[in-house]
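S.K.: Return a 3D structure for these sequence lines:
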Amino acid sequence: MRGAVAERFARPSGRGVQAAGRVLAGRRVAVVGLARSGLAACRLLRRLGARVRATDSRAADALPAEVLALRDLGVELELGGHTEGTFREADLVVVSPGVPRSLRYLDVARAAGLPVVGEVELAYWCSEAAFAAITGSNGKSTTAALLGAILGEAERADIPEIRDAWVEKFIASARCPRCAGPLRRSLGRITSECGWKGGEG
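M.R.: Sure thing, here's the model as predicted:
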C-alpha cells in the first residue's frame with residue numbers, strides 16, 4: 001500500500017471530509033509533533049477513521065494533559081523520542097510545522113516509499129474551500145488583512161473578476177517546504193519580493 005494514500009489524493013476525485021474519509025479510513029497514519037497543529041491533525045484523522053500513532057520527542061511529563069487525552073480518542077502515543085518502526089509501518093506521515101525537516105526519521109519514511117506531508121496538506125485534502133496560504137518571514141499578518149479586505153470589498157461590490165482571481169488561487173511561496181503534492185500543484189503562485197529591509201530608508 002506504499003504511496004496509495006497520496007496517489008488517491010493526487011487524482012482529481014474531489015476533496016472534502018467525506019472524500020478524505022473514504023481514503024484514510026483504516027489507514028495507519030503517523031503524526032510527528034504534538035503541539036497545537038499535531039493535536040488538531042490527530043483529532044481530525046481519528047474523525048476520518050484513520051489508525052493514528054502520534055510521536056513526539058518530549059516526554060509525557062513535558063506535554064500538556066490534552067496530549068495525553070488523545071489516548072481516549074484511540075490515538076497511540078509514542079513519547080520521549082521516535083522509533084523507526086513508527087515511520088516504516090505507516091501509510092502516511094503527517095509532520096507538524098515545528099518539526100525540523102532534517103529529522104532523520106522523515107528520510108526513513110521517504111526511503112520506504114511513504115508520503116510525507118505537512119498538516120496544511122492534510123487540511124487541504126479535507127476542505128472544499130479555497131485556501132489563501134500566505135508565507136514568509138515578515139508581513140504575513142499585514143498581507144492576510146489586505147487580502148481579507150480585497151476579498152470582502154470585491155464581494156460587497158460584486159466584482160467577480162477580482163473575487164474569482166483571488167479566491168480561486170492560493171498565494172504561497174514556491175519554496176514553501178510544507179506545501180507539497182496536490183497542494184503544491186494547485187497553487188496559483190503569486191509571489192512578490194522587494195528589496196526593502198528594516199532599518200533602511
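S.K.: pLDDT-wise, which helix or strand of this structure ranks last?
M.R.: Within the chain, no helix or strand scores below helix 160-167, which has a mean of 50 by mean pLDDT, DSSP states H and E.
S.K.: what comes up buried for the helix ranked longest in the chain?
M.R.: Ranked by number of residues, the top helix in the chain under DSSP state H is helix 140-157. Of all the residues in helix 140-157, those buried under the rule 16 or more other C-beta atoms under 10 Å are 143, 151, 154. In short, each C-beta sits where N, CA and C put it, glycine included.
S.K.: Domains of this protein: list them as residue ranges, please.
M.R.: What the record gives for the chain is the domain set 4-126, 130-201, from automatic domain parsing.
S.K.: Can you tell me which of these has the worst average pLDDT?
M.R.: Of all the domains of the chain, domain 130-201 carries the lowest average pLDDT, namely a mean of 57.
S.K.: Roughly how far does Ala144 sit from Arg27?
M.R.: Per C-beta to C-beta, to the nearest Å, Ala144 is found 33 Å from Arg27.
S.K.: Sorry, slip of the keys, the one I care about is Cys42.
M.R.: Distance from Cys42 to Arg27, by C-beta to C-beta: 14 Å.
S.K.: These two: which is more packed in?
M.R.: Using other C-beta atoms under 10 Å as the criterion, Cys42 and Arg27 rank with Cys42 on top: 25 against 19.
S.K.: give me every residue that touches the more buried one.
M.R.: 31, 34, 52, 54, 70, 73, 75 (C-beta atoms under 8 Å, 6 or more residues apart in numbering).
S.K.: among those residues, which ones are buried?
M.R.: 31, 34, 52, 54, 70, 75.
S.K.: Run a quick neighbour tally on Asp72.
M.R.: Asp72, neighbours per other C-beta under 10 Å, totals 7.
S.K.: I'd guess it is in a strand, am I close?
M.R.: No - secondary structure of Asp72 (DSSP: H, G, I helix; E, B strand; the rest coil): helix, not part of a strand.
S.K.: how close does it sit to Phe87?
M.R.: To Phe87, Asp72 is 25 Å away according to C-beta to C-beta.
S.K.: in what helix or strand does Ala30 lie?
M.R.: Ala30 is part of strand 28-32, with elements assigned from DSSP states H and E.
S.K.: Remind me what that strand packs against, helices and strands.
M.R.: helix 36-47, strand 51-56, strand 92-95, helix 104-111 (3 or more C-beta pairs under 8 Å, 6 or more residues apart in numbering; DSSP states H and E).
S.K.: element containing the nearest residue to Ala144 once chain neighbours are set aside, please.
M.R.: Leaving aside its sequence neighbours, Ala144 sits nearest to Ile134 (C-beta to C-beta, 6 or more residues apart in numbering; 5.5 Å). Of the helices and strands defined by DSSP H and E, none includes Ile134.
S.K.: neighbours of Ile134, just the number please.
M.R.: Neighbours of Ile134 (other C-beta under 10 Å): 17.
S.K.: surely it meets Ala145?
M.R.: No - at 10.2 Å, Ile134 and Ala145 do not qualify as touching, with contact defined as C-beta atoms under 8 Å.
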